[in-house]
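Engineer: Have a look; sequence and predicted model below, questions after that.
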There are 2 protein chains.
Amino acid sequence: MSHLIRKLENFVRLSAADRLMLNRAAAQRVRTFAPRTDIAREGEKPKDVHLILNGWACRYKQLEDGRRQIVSFFLPGDICDLNIFILREMDHSIGTITSVSIADLSREFFDEISAGYPRIATAFWWETLVNAAIQREWTMNLGQRTASERMAHLLCELFFRLRLAGLADDNGCSFPLTQADLAEATGLSKVHVNRTLQELRAGDLIVLKGKMLVLPDLDRLMSAGLFNANYLHLDREGRQLDANE
Amino acid sequence: MSHLIRKLENFVRLSAADRLMLNRAAAQRVRTFAPRTDIAREGEKPKDVHLILNGWACRYKQLEDGRRQIVSFFLPGDICDLNIFILREMDHSIGTITSVSIADLSREFFDEISAGYPRIATAFWWETLVNAAIQREWTMNLGQRTASERMAHLLCELFFRLRLAGLADDNGCSFPLTQADLAEATGLSKVHVNRTLQELRAGDLIVLKGKMLVLPDLDRLMSAGLFNANYLHLDREGRQLDANE
DNA sequence: CGACTACAATAACTTATGTTAGCATGATAC
DNA sequence: GTATCATGCTAACATAAGTTATTGTAGTCG
């Protein structure tokens, strides 16, 4: 089952027809990108909505003097902005971390969804609202949390999101980000990211080595990061959206 | 003309029927709040979508130890999250800065919009996408910009947004935020906000006194804040959405 | 009218984080 | 097998921003 369906089913129950529709969309217009390349660039006209099938990517923004900020991560099953094609140009870039395959979703696909697939439409709204909530939480993270709280929080978020898509086991996940990536995402320098990771290691909160992350005690990591999962809205909505009524 | 219509018309051309519909919605279920009070609280079940008619408000999040971050500002004409009612609980609070009047928009109102008012629906999507872009820009702001860049950027953003809603003249606007508010929004301490404002004053970039902000040289303030308005997507979309076709 | 309060300004001192630089390690490539 | 490169690690030092405290100022209230 695809990561997207796996994720959405945490929120709404999809019918067989819903799943078929999503699988069909995910099989058409597939493209693959090498690690560290751009899928879309700031200033371009947005054409399609991208669905991440495999691999990690990120949204980033860059200042003229070169300072770069990763503003969010895309994991398998994530969808870039719904309806982005109504805007004239991209205000950020999308780049890969690992090698990535995506499916391009057309305007017509979304027209079909809103015409005949109300559960998918609701699930997509949920996705949109959760992404907005994540972006707010990042604002909080950068504005108020200390370096180690910030790092712990980010690791918790990524772990929770991977688990939701079926990409993490109980105490760890594959983790392709470099310390430079973490620096650009947390607004810290590379050196301080290193110090911060050492600190989390010393507290036995993380084991991070060779692109694998192990979290020996998630509860303690969560409190170290003042992490409250409410903003991920993981709870399924009430009965009225079930397919079986 | 209402601030909402004024703002949306920058992006799509609305018909007389569209405007009537919006004015009708803005006249029903109006509530007024005193300055420094909460309109909605984290943890509550979201019921309605709020449209700000008058006054300034903000979204904020708070940690257990009291640290507070303003994650966005609401100005007249702004709409809080579309479709928020599909989520089980609020992940943030909404509080007033000044006294504020709002109109509560019901689920049924949005059903009517998507059934029979395609231009409004597009305009609401534009609003949603711009809000997401603003939140990303705040992430950039907190992660990469220095204190004075950050402050200059925030002032530019608020000025542009007010102007869009018809609430600023060519070189200034009313400005009810205290230095404590600015601190919570920029992630700086109150003392450092004061220092930073002094610095901007010394460079003749701002005149800020008695709840009035004057920008003697917007271009210089924009470069001081590395401000690029592209993320506000102020340009009107192509012909195909005009009402007069 | 004086008392109180919210907000702004400034000073002195502390600290978290940034900067620059150099070295270690492991993977890939020829 | 060694050259190269990306990544991680560490140290010494610099600085932007935080903290605490005091004072000034203007508005509001009884």
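Structural biologist: Looks like it arrived, so ask away.
Engineer: Touching stretch A:2-9 from outside, list them.
Structural biologist: Applying CB atoms under 8 Å, 6 or more residues apart in numbering or on different chains, the set of residues contacting stretch A:2-9 from outside is A:14, A:19, A:22-23, A:26, A:51-53, A:75-77, A:79, A:120, A:123, A:126-127, A:164-167. All C-beta spots, glycine's among them, are computed from the backbone N, C-alpha and C.
Engineer: Please disregard the earlier target; I meant stretch A:198-210.
Structural biologist: A:148, A:151-152, A:155, A:172, A:175, A:197, A:213-217, A:220-221, A:224.
Engineer: and these, which are buried?
Structural biologist: A:S148, A:M151, A:A152, A:L155, A:G172, A:F175, A:L197, A:L213, A:L215, A:L221, A:A224 (16 or more other CB atoms under 10 Å in any protein chain shown).
Engineer: burial of the closest residue to DNA strand C within chain A, as a residue count?
Structural biologist: Closest approach between chain A and DNA strand C, counting by CB to the nearest atom of the strand: A:H192, at 3.1 Å. A count of nearby residues for A:H192, using other CB atoms under 10 Å in any protein chain shown, gives 16.
Engineer: so which helix or strand takes in it?
Structural biologist: A:H192 belongs to helix A:190-202 when assigned by DSSP states H and E.
Engineer: can you pull the buried residues of the helix or strand just after that helix?
Structural biologist: Next helix or strand after helix A:190-202 toward the C-terminus (DSSP H and E): strand A:207-209. The neighbour-count criterion (16+ other CB under 10 Å) identifies A:L208 as the buried residues of strand A:207-209.
Engineer: Stretch A:54-71 too?
Structural biologist: Buried residues in stretch A:54-71 (16+ other CB under 10 Å): A:54-61, A:67-71.
Engineer: Report the two of the residues you listed separated the most.
Structural biologist: With CB to CB as the measure, no two of those lie farther apart than A:N54 and A:R67, at 29.9 Å.
Engineer: Out of the buried residues of stretch A:54-71, which sit inside strands?
Structural biologist: Judged by DSSP state E, the buried residues of stretch A:54-71 include A:N54, A:A57, A:C58, A:R59, A:Y60, A:K61, A:R68, A:Q69, A:I70, A:V71 as members of strands.
Engineer: If I look at the last one, what pLDDT would I see?
Structural biologist: At A:V71 the predicted local distance difference test score is 98.
Engineer: Just to be sure, A:R119 is in a strand?
Structural biologist: No. The assignment for A:R119 by DSSP: H, G, I helix; E, B strand; the rest coil gives helix, which leaves it out of any strand.
Engineer: Quick check: it touching A:A17?
Structural biologist: No. In this structure, A:R119 is not within contact of A:A17 by CB atoms under 8 Å, at 9.5 Å.
Engineer: When those two are compared, which one has more neighbours?
Structural biologist: It is A:R119, of A:R119 and A:A17, that has more neighbours when counted by other CB under 10 Å, with 19 against 13.
Engineer: before we move on, back to that, mind listing which of the contacts of stretch A:198-210 are in strands?
Structural biologist: Per DSSP E, the contacts of stretch A:198-210 map to strands at A:G172, A:L213, A:V214.
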